[in-house]
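1. what shape does this take:
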Amino acid sequence: MSTGGDHIKISIHDQQLRALLDQLEARLKNPHLLMRKIAGILMDEVEENFATEGKNNGAKWESLSKKTIKQREAKGYWPGKILQQRGELAATVTSKSDASRAIVGSNKRYAAIHQLGGKAGRGRKVEIPARDYLSPSTGGINQVKRAVVNFIEGR
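-> Next up is the predicted model:
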């Protein structure tokens with residue numbers, strides 16, 4: 001530290017800190033592994049949502065209507081799980097990641113109506129309740145946070 005009149009100058013020479021910052025910068029330039037890890041966590045969360053019918057993310061899915069249950073019984077699909085008459089929706093959920101994002105979703109044309117809810121069927125006369133199967137639970141969000149911290153810390 002030196003003083004020169006009314007000025008104070010402080011210099012810190014910390015090679016370890018500089019090295020850590022350089023390592024962090026290098027990791028942040030290629031976050032693909034982090035995004036892949038996050039995509040895996042999100043897939044696990046989706047699978048748990050299907051297994052627990054929404055209890056995993058705290059939003060227990062609305063029960064099937066009596067009419068839907070009767071239709072399923074007639075086809076031999078009841079008793080069963082909500083959104084899993086034949087398991088096609090759950091089977092088509094995939095994950096994808098790149099250097100800037102982690103994505104989970106389905107290419108089934110009816111996937112969005114089950115996630116978001118809305119009118120469906122002939123003449124859009126049937127009201128489908130939203131059954132959020134894509135959102136992670138609080139525990140899943142915490143896993144993502146831990147993955148980010150571990151990535152930043154180089155673990």
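2. what pLDDT does the residue nearest in space to the middle of the chain get?
-> Closest residue to the average C-alpha location of the chain: residue 42 at 3.6 Å, with CA atoms, centre = their mean. Residue 42 carries a pLDDT value of 97.
3. so who does it touch?
-> Residue 42 makes contact with 95, 102, 104, 134, 136, 140, 144, according to CB atoms under 8 Å, 6 or more residues apart in numbering. Where you see a C-beta, it was placed from the backbone N, CA and C, and this is true even at glycine.
4. touching, residue 78 and residue 67? I think so.
-> No: using CB atoms under 8 Å, residue 78 is not in contact with residue 67, being 11.9 Å away.
5. so those two - more neighbours on which side?
-> Comparing residue 78 with residue 67 by neighbour count (other CB atoms under 10 Å), the higher total belongs to residue 78, at 15 against 9.
6. which positions in the longest helix anywhere in the chain come out as buried?
-> Ranked by residue count and defined by DSSP state H, the top helix of the chain is helix 32-52. The neighbour-count check on helix 32-52 (16 or more other CB atoms under 10 Å) flags 34-42, 44-46, 48-50 as buried.
7. and for stretch 134-152?
-> 134-137, 140, 143-144, 147, 151.
8. the helices in the protein, which residues?
-> Ranges of helices in the chain, per DSSP H, are 15-29, 32-52, 66-75, 88-92, 111-116, 138-153.
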